[in-house]
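**Student:** Structure, please.
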Amino acid sequence: MPLRVDFDRDLWLYIPTEWPWMGHTTLESWRDAVVTAIADAYAYDAATRDWLSATIEGMVRGAGEGEERFAYLARPHESIGMVSLYEWATLAESSLDDLLGVTDDASIRPAVVTPIEGAGLGPGTKAVRFTAEVAPEASPAPAIVGVAHWVWRLPDRDVILIAGDSDLVRFDELQPAFDDLARSISVVADESALEERSPR
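**Tutor:** Below is the predicted model:
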């Protein structure tokens, strides 16, 4: 049974990785259509269009196996974000703490763990942690990255949403939008009901 994500299309964009998609036969065709729509709406100059084009293409090409990506693009020139959604058969060898990232040795302090109620998935758990990453080039200090996991352990599967950002102010500001998207996830028993939704 696939997942349904009833996200706000004024804020979020599903990032496809297979073609054709929504009438576009290639990544480039889809990317250009998205960039044109956003750039025309905000009167972006050529440099900003190029930046947005590269950013969106990078989101597509960077997706891993089994990863569904959603980009927060309400006003890309002010704030941009991304979340990754995974659905796996129950990972019996992994504890809830493992799936939440609570056991991450790179964390600089204990993760903050809170309950979350999904509209379709029911009770779940959210964890936010901050990790020290390898120092950027020419920087004397390691980068601090905020990472959030939303996890639902269902009878037959584990559903995990992940967001991470080294811009900690933006990471904090986007938490309400991330939470809303997480709550919108549900399981669809009847695949014919998927015609009106994304991602799949």
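**Student:** Arg157 versus Val187, what's the distance?
**Tutor:** Separation of Val187 from Arg157 (Cβ to Cβ, to the nearest Å) stands at 8 Å. The way it works is simple: take the backbone N, C-alpha and C, and place the C-beta from them, glycine included.
**Student:** actually Arg69, not the one I wrote
**Tutor:** 19 Å.
**Student:** Asp179 now?
**Tutor:** 21 Å.
**Student:** got it, and His77?
**Tutor:** Going from His77 to Arg157 by Cβ to Cβ gives 38 Å.
**Student:** These two - which one has more neighbours?
**Tutor:** Arg157 (17 against 12; other Cβ atoms under 10 Å).
**Student:** who touches that one in this structure?
**Tutor:** If you count contacts by Cβ atoms under 8 Å, 6 or more residues apart in numbering, Arg157 has them with Glu87, Trp88, Ala89, Thr90.
**Student:** Can you lay out the residues you listed as a markdown table showing neighbour count?
**Tutor:** Output for the contacts of Arg157, formatted as a markdown table (neighbours: other Cβ atoms under 10 Å):
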| residue | neighbour count |
| --- | --- |
| Glu87 | 17 |
| Trp88 | 12 |
| Ala89 | 8 |
| Thr90 | 12 |
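**Student:** Of these, just say which sits nearest to Leu99.
**Tutor:** Trp88 (9.4 Å; Cβ to Cβ).
**Student:** Would you pull up how far whichever helix or strand the closest one is part of lies from the middle of the chain?
**Tutor:** Assigned by DSSP states H and E, Trp88 falls within strand 79-89. Here strand 79-89 is found 3 Å from its chain centre; the criterion is Cα atoms, centre = their mean, to the nearest Å.
**Student:** and the closest residue in space to Arg75 that isn't next to it in sequence, how many neighbours?
**Tutor:** Closest residue in space to Arg75, ignoring its immediate chain neighbours: Tyr42 at 7.3 Å, by Cβ to Cβ, 6 or more residues apart in numbering. Tyr42 has 12 neighbours, counted by other Cβ under 10 Å.
**Student:** what about whichever strand or helix holds Thr125, average pLDDT?
**Tutor:** In this assignment (DSSP H and E), Thr125 forms part of strand 122-133. Averaged over strand 122-133, pLDDT sits at 96.
**Student:** Residues touching that strand, excluding its own?
**Tutor:** Residues beyond strand 122-133 that count as contacts (Cβ under 8 Å, 6+ apart) turn out to be 96, 100-102, 104, 106-118, 142-152, 159, 166, 168, 175, 179, 182.
**Student:** Pull out the buried residues from it.
**Tutor:** By 16 or more other Cβ atoms under 10 Å, the buried positions in strand 122-133 come out as Gly124, Thr125, Lys126, Ala127, Val128, Arg129, Phe130, Thr131.
**Student:** how about those residues in TSV, adding distance to Ser29?
**Tutor:** Listed next are the buried residues of strand 122-133 as TSV, based on distance: Cβ to Cβ, whole Å:
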residue	distance to Ser29
Gly124	36
Thr125	40
Lys126	37
Ala127	38
Val128	37
Arg129	38
Phe130	39
Thr131	37
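**Student:** Where does Trp19 sit: helix, strand or coil?
**Tutor:** coil (DSSP: H, G, I helix; E, B strand; the rest coil).
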